[in-house]
Every structure is written in structure tokens, then in C-alpha cells.
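Fold the following, please.
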Amino acid sequence: MKLIIQIPCLNEEETLPGTLADLPRAVDGFDSVEWLVIDDGSTDRTVEVARANGVDHIVKLTNNKGLANGFQAGLDACLKLGADVVVNTDADNQYDASFIPALVKPIVDGNADMVVGDRQVMTIEHFSPLKKSLQRLGSWVVRQASETTVPDTTSGFRAYNREAALQLQVVSKYTYTLETIIQAGKMTVAVDHVPIGTNEKTRESRLFKSMWQYVRRNTVSIFRIYSMYEPLKVFMTLAAVLGLVAAAVWTRFLVSYIQGEGAGHVQSLILGAVLFNAAVVLAALGIIGDLLSGQRIMLQRTFERVRRLELQANVPPSHYEPGGTGPTGQPPTTGANAGKTEEREAIKL
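Numbering: from 1, shown residues only. Purely as a prediction, here's the structure:
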């Protein structure tokens, strides 16, 4: 059994040594524990620091593609490197690595396919009251959409077995945390959560520059993801609201008309018609979105089968470089060594 711990990085030369120093090299239930760093287009010495501190594998993206894309690239590489379980943690050492054995235990025991570390955000001192409230609200929305019981849905401290990693496909560019939980809840992935500890804050988050940006981005992300997976509920609810408002406006006009004052309330008649048309359009969007959602599920299942075929064909990981611990048996696939990856994979398949 092989456990690979992956760390998405962007210019983390200062915090990465401390994070790596806390990672375990042995965990009960596993024959080997390896480390993988995903360099998301860093312009500092992140890769050199990773090698100097004993990282086994590096996924080196040529330029910055964002956290979600980096996470997905790391997950793909871990599968192709033979990981039975993948743990994801952050490079800023936010999560206490001593909880990794507890994080993977439900998977080792066969009780879960995916485990999310619960930071118990209400107890974190450097989180503002507003941020704590938003975390709770966002987690509640994601639980409704995913039909899971995960209390801390934005936690990036997670473990996946191979089945869960094969089924997940992130399309969001901002964050993977919310989308992967909703996907897991909709698919045949058993999701569990365990309480974890956190370390002192080492730096400010790079995902957002202010609380307002945090609120705006998370609100948009939650609405977008929920609409993607539950389009019928979202658009039909909006259509029903507008339909009720249109009915109220028309009722006002009807009462005025019966009282002989209809000529003075023609605006209500027009406004009601506009609102009713908008409700019909939203309802149509809900139906179209529901049909597209069905197609998305079919594509997701097709992608999962392609991944399984790639693993059977021993297709090498993309953007891969060996780390600093010696030969890994995998040739580099970056720079001039990238080759014509698509053609090579097609020939093997």
C-alpha cells in the first residue's frame, strides 16, 4: 500500500521547509509514504527547496494555472505513480500533519472513500466572526447540495482512495474544495470527516486579498456549483418567485379594474407581463440546465473510464519531474521531454 501526500505550491520557498519537516515518512497501514509537490508556475525557488527537503515527486506546471487545476494535476499524477491513498495538504502548514494517520484511518478501515479534515472553524482564533459565519453558511449550502454531513467543506486537508480519486473531476478554476464534496456526494463515493488540529498562521491567504473578495468569490462559487449540480431546483425556484410577484402585480391591476380604475394602472399590467415572461425564461433555463446536467454526468463517467484505461496502459504522469530522493522509475515529462503526449497515449491505448 502506497500513500502519497501532495502539496499544491505557488511561490512557497519560505513556508515549504516547515511544512515538509512535519510530514510523516511512515503511517500505519502503508508500506511506503511519498511526497509530491505541485509547482503551479512558481517564480521563486520552490522546486529547488522541495528537492533539497526530500520531496519524491514534482509536478511542474509551466505557468500559473490556479489552485483547482494544480490540485487536479497532482491527483492525476498520484494515480499514475501508483498511490493507493492520496492526502492533500496546504504548503503554508495550516494543517497539523500529525493528524494524517487519523485522516486516512477511515479509508484504511474500509469505512470511507474520501475523508475531510474538520478544523472546527469556530475555535480558530485568527478567523474573524464574519469569516466563521460565512464558513458555516457556505458549509451548510454545500451539505444541502452534496447530501453529506461534512462540517468544514472548505478544508483542504483531505484523503482520497483510488476509487474516489478516479471519479473526481474539478472544472472550477477558483477552488476544488466545494466542488469535489458535491461531486462525491452525487457519485458512489463514501464521504467521512474527522476532527483535526491546525497550526499558527504563517502568512495571509493568497486566494483572496480582502474579506469582501472572499465573500464575493465564495458566494459566486457556491451559487455556480449549486446551479451546476441542481439547475432544476435553482431556476425553478427563481421562476416561482417571479411568477408569484407577477401574480401579485396582476391581482392589483384586476382589483383596480373591477373598481373602475383600471386605466390608471396599466403599468401594473405591463410589469406583470414582463415578470411573467422572465419566470417562463427561468423555467426554460432550469429544464435546459437539467438536461445538460444529465449530459455532464455521462461525460464524467466517460472520463473516469478513460482514466482507468490510461492507468492500465501505464501512461506516465504529465508535467512530471523526479524529486530529490533518487530515481523514481518515471522519466521526466516537462520541457523538451514532454513529447507528443496525446499521440503517445493514443498509441498505447
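
any chance you could map the helices in the stretch 201-349 of the chain?
Ranges of helices within the stretch 201-349 of the chain are 211-229, 231-258, 266-312, 341-348, based on DSSP state H, counting those that start in this stretch.

need those in CSV with mean pLDDT and distance to T154, can you?
All C-beta spots, glycine's among them, are computed from the backbone N, C-alpha and C. Formatted as CSV, the helices of the stretch 201-349 of the chain follow (pLDDT from 0 to 100; distance: least, Cβ to Cβ, whole Å):
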stretch, mean pLDDT, distance to T154
helix 211-229, 77, 8
helix 231-258, 93, 21
helix 266-312, 91, 23
helix 341-348, 51, 33
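
Using a markdown table, lay out those together with mean neighbour count.
Below are the helices of the stretch 201-349 of the chain laid out as a markdown table (neighbours: other Cβ atoms under 10 Å):
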| stretch | mean neighbour count |
| --- | --- |
| helix 211-229 | 16 |
| helix 231-258 | 16 |
| helix 266-312 | 14 |
| helix 341-348 | 11 |
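
Redo these as a markdown table? Include distance to T123.
Shown next, in a markdown table, are the helices of the stretch 201-349 of the chain (distance: least, Cβ to Cβ, whole Å):
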| stretch | distance to T123 |
| --- | --- |
| helix 211-229 | 19 |
| helix 231-258 | 33 |
| helix 266-312 | 36 |
| helix 341-348 | 46 |
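
how about these, which one is nearest D39?
In terms of Cβ to Cβ, the element of these nearest to D39 is helix 341-348, at 18.3 Å.

Around K65, count how many other residues there are.
K65 has 17 neighbouring residues, counting by other Cβ atoms under 10 Å.

Ok, L3 next?
Using other Cβ under 10 Å, L3 has 26 neighbouring residues.

Just give the nearest non-adjacent residue to it, would you?
Nearest residue to L3, sequence neighbours excluded (Cβ to Cβ, 6 or more residues apart in numbering): F30, at 4.4 Å.

Now do the contacts for the one you found.
By Cβ atoms under 8 Å, 6 or more residues apart in numbering, the contact list for F30 reads M1, K2, L3, D84, V85, V104.

on that earlier part again, let me know which of the helices of the stretch 201-349 of the chain is the nearest to L166.
helix 266-312 (5.4 Å).

now the closest one against helix 211-229, angle please.
80 degrees (axes from the mean of the first three to the mean of the last three Cα atoms, to 10 degrees).

Any idea what H57 is bridged to?
Partner residues in beta bridges with H57, using DSSP bridges, are L36, P322.

surely it meets P327?
No - applying Cβ atoms under 8 Å, one finds H57 not in contact with P327, separated by 11.7 Å.

doesn't the residue nearest to L3 fall inside a strand?
No - using DSSP: H, G, I helix; E, B strand; the rest coil, the assignment for F30 is coil, not a strand.

ok, the residue in the chain sticking out farthest from the centre to G272 distance?
Distance to the chain centre peaks in the chain at G260, reaching 59.2 Å (criterion: Cα atoms, centre = their mean). Distance of G260 to G272, given as Cβ to Cβ, to the nearest Å: 19 Å.

any idea which helix or strand carries V115?
V115 belongs to strand 114-118 when assigned by DSSP states H and E.

quick one on the thing from earlier: who has more neighbours out of H57 and P327?
Between H57 and P327, counted using other Cβ under 10 Å, H57 has the larger neighbour count: 25 against 6.

Might you list the low-confidence residue ranges for the stretch 101-250 of the chain?
204-209 (pLDDT under 70).

how distant is stretch 157-171 from the center of its chain?
Centroid displacement of stretch 157-171 relative to its chain, using Cα atoms, centre = their mean, to the nearest Å, is 10 Å.

For it, could you pull out the residues that count as buried?
Within stretch 157-171, the residues that count as buried by 16 or more other Cβ atoms under 10 Å are 157-162, 164-170.

In JSON lines: these, plus secondary structure and distance to N64.
Listed next are the buried residues of stretch 157-171 as JSON lines, based on DSSP: H, G, I helix; E, B strand; the rest coil; distance: Cβ to Cβ, whole Å:
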{"residue": "F157", "secondary structure": "coil", "distance to N64": "23"}
{"residue": "R158", "secondary structure": "strand", "distance to N64": "22"}
{"residue": "A159", "secondary structure": "strand", "distance to N64": "26"}
{"residue": "Y160", "secondary structure": "strand", "distance to N64": "24"}
{"residue": "N161", "secondary structure": "strand", "distance to N64": "30"}
{"residue": "R162", "secondary structure": "helix", "distance to N64": "28"}
{"residue": "A164", "secondary structure": "helix", "distance to N64": "27"}
{"residue": "A165", "secondary structure": "helix", "distance to N64": "23"}
{"residue": "L166", "secondary structure": "helix", "distance to N64": "27"}
{"residue": "Q167", "secondary structure": "helix", "distance to N64": "27"}
{"residue": "L168", "secondary structure": "coil", "distance to N64": "22"}
{"residue": "Q169", "secondary structure": "coil", "distance to N64": "21"}
{"residue": "V170", "secondary structure": "coil", "distance to N64": "16"}
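
Looking at the residues you listed, spot the one nearest D76.
A165 (8.6 Å).

wait, doesn't that closest one sit right on K80?
No - if you go by Cβ under 8 Å, A165 and K80 don't touch, sitting 10.7 Å apart.

Quick check: buried residues in stretch 115-128?
Buried residues in stretch 115-128 (16+ other Cβ under 10 Å): V115, V116, G117, D118, R119, V121, F127.
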